[in-house]
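Visitor: just need the structure, nothing else, for what follows:
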Amino acid sequence: MLEIRHLRTLAALRSAGSLVRAAQLLNLTQSALSHQIKLLEDRYGGPLFERKSVPIGFTATGARLLRLADMLLPEIELAERDVVRLMQGDQGQLRVALECHTCFDWLMPVMDEFRKRWPEVEIDLVSGFHSEPVDLLRAGSADLVIGSDYSAQYATFPLFRFEILTVMAQKHRLASQRRLAATDFDGETLITYPVPEERIDLIREVLRPAGVAFTRRTAELTVAILQLVASRRGIAALPNWAIKNYVDYDYVVARPIDENGLWSDLYVSVPEALRQKAYVADFVKVIREQCAASLDGIKLLS
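Guide: Below you'll find the model as predicted:
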């Protein structure tokens, strides 16, 4: 029997673009997702999508089921939100604080989608970027924080893991290397956002432990950092999604850091009083769905 979860699986496959990312989006193991798809294909007597195509290409059967998913899933999700409104009277506000400068790029579409789903919930950004955003929760100046750290005293929702890459000019002396080690940064000028050094992953996790000496220069905006990098004023370390377009157009080059790469995690934190609010869970859901579909190289956290 065709079930709602099957339609959600197909929609996740289309959105995420791969079995691995779809499984992460659905909070399933890849084997569980594959088993579910196999049962569905056995039922209909043929494949639902092309295994080797990138992005995933759906067969006529899969495409027909996706059209059904597009008709039913939005109505089901709307009904579920309406039921919550009727039962809980969910109205409120979400004042969002950011630790991550580059999060702004993907957060605006997320907020636009959230406003469509929850027009009665006022959502806004706490102005500026904050190196210690959890302090805003403590002071009551924010309702939700997106950042790399979380405190046990707050409710935390995992988002995704991303790789931090070294960015440099096309003809930089390190551009010919496949990846960089800590010692490669010795004597370099590191261009960063104006935040404390202990908040910068490259400095905290790589350079300080290795005792590497470097000069630091700061800039407020990502585009300003990349302009400085391209003009050979220094190098930077930025999330993979923030630099993809610049790398694709050969404005700068990017290289991994250390043998296994330098990775960081993002979380949503809210006060315990908001943990059970349906609109908070849906805000997290929208972030995960939209970022899985639009940000290359991330790994959804479970």
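
Visitor: any idea which strand is longest in this structure?
Guide: In the chain, with assignment by DSSP state E, the single longest strand is strand 155-168.

Visitor: rounded mean pLDDT for the helix or strand that it is followed by, please.
Guide: Going down the chain from strand 155-168, the next helix or strand is strand 189-192, by DSSP states H and E. Confidence over strand 189-192 (mean pLDDT, whole number) is 97.

Visitor: what's the answer for stretch 237-255, then?
Guide: Stretch 237-255 shows a mean pLDDT of 94.

Visitor: tell me the buried residues in it?
Guide: Neighbour counts over stretch 237-255 (16 or more other C-beta atoms under 10 Å) mark 237-243, 246, 251-255 as buried. From N, CA and C alone the C-beta is placed, and that goes for glycine too.

Visitor: phi and psi next, for the spatially closest residue to R179 that is not a sequence neighbour.
Guide: In this structure, R179 finds its nearest non-sequential neighbour in P256, 4.3 Å apart by C-beta to C-beta, 6 or more residues apart in numbering. Per-residue torsions, P256: phi -70, psi 160 (degrees, to the nearest 10).

Visitor: what about P256, how many residues nearby?
Guide: By other C-beta atoms under 10 Å, the residues close to P256 number 17.

Visitor: quick one: it and L180 touch, right?
Guide: Yes: applying C-beta atoms under 8 Å, one finds P256 in contact with L180, separated by 7.3 Å.

Visitor: who touches both of these two?
Guide: Counting by C-beta atoms under 8 Å, 6 or more residues apart in numbering, the common neighbours of P256 and L180 are T166.

Visitor: buried sites along the helix or strand containing L13?
Guide: Taking DSSP H and E as the criterion, L13 maps to helix 4-16. Judged by neighbour count (16+ other C-beta under 10 Å), helix 4-16 contains these buried residues: 6-16.

Visitor: hmm, what's the outermost residue in the chain?
Guide: Most distant residue from the mean C-alpha position of the chain: G45, 36.4 Å away (C-alpha atoms, centre = their mean).

Visitor: before we move on, the earlier item: need the buried residues of stretch 237-255 in JSON lines (columns: distance to R81).
Guide: As requested, the buried residues of stretch 237-255 are arranged in JSON lines below (distance: C-beta to C-beta, whole Å):
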{"residue": "A237", "distance to R81": "40"}
{"residue": "L238", "distance to R81": "36"}
{"residue": "P239", "distance to R81": "31"}
{"residue": "N240", "distance to R81": "33"}
{"residue": "W241", "distance to R81": "29"}
{"residue": "A242", "distance to R81": "32"}
{"residue": "I243", "distance to R81": "36"}
{"residue": "Y246", "distance to R81": "38"}
{"residue": "Y251", "distance to R81": "42"}
{"residue": "V252", "distance to R81": "42"}
{"residue": "V253", "distance to R81": "45"}
{"residue": "A254", "distance to R81": "40"}
{"residue": "R255", "distance to R81": "44"}
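
Visitor: nearest to R117, of these?
Guide: W241 (23.5 Å; C-beta to C-beta).

Visitor: what residues are up against the closest one?
Guide: W241 makes contacts with 102, 105-106, 162, 295-298, as judged by C-beta under 8 Å, 6+ apart.

Visitor: do you know how far it is from F283?
Guide: Going from W241 to F283 by C-beta to C-beta, to the nearest Å gives 19 Å.

Visitor: could I get the contacting residues of the nearest residue to G297 once chain neighbours are set aside?
Guide: Distances taken as C-beta to C-beta, 6+ apart place N240 nearest to G297, at 4.3 Å, with adjacent residues excluded. For N240, the contact set (C-beta under 8 Å, 6+ apart) comprises 162-165, 254, 295-298.

Visitor: quick revisit: can I get the buried residues of helix 4-16 in TSV with distance to V83 and pLDDT?
Guide: Shown next, in TSV, are the buried residues of helix 4-16 (distance: C-beta to C-beta, whole Å; pLDDT from 0 to 100):
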residue	distance to V83	pLDDT
H6	22	92
L7	19	93
R8	18	92
T9	23	92
L10	24	93
A11	21	92
A12	23	89
L13	27	91
R14	26	90
S15	24	86
A16	27	85
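
Visitor: now for the longest helix anywhere in the chain, which elements pack on it?
Guide: For the chain, the longest helix by residue count, based on DSSP state H, is helix 60-88. Under the contact definition 3 or more C-beta pairs under 8 Å, 6 or more residues apart in numbering; DSSP states H and E, helix 60-88 sits against helix 4-16, helix 278-294.

Visitor: so where's the stretch 51-200 of the chain shaky on pLDDT?
Guide: 86, 88-90, 128-131 (pLDDT under 70).

Visitor: 80 instead?
Guide: Along the stretch 51-200 of the chain, the parts satisfying pLDDT under 80 run over 52-55, 82, 84-91, 127-133, 149-152.

Visitor: hang on, A236 in a helix?
Guide: No: A236: not assigned to a helix; according to DSSP: H, G, I helix; E, B strand; the rest coil it is strand.
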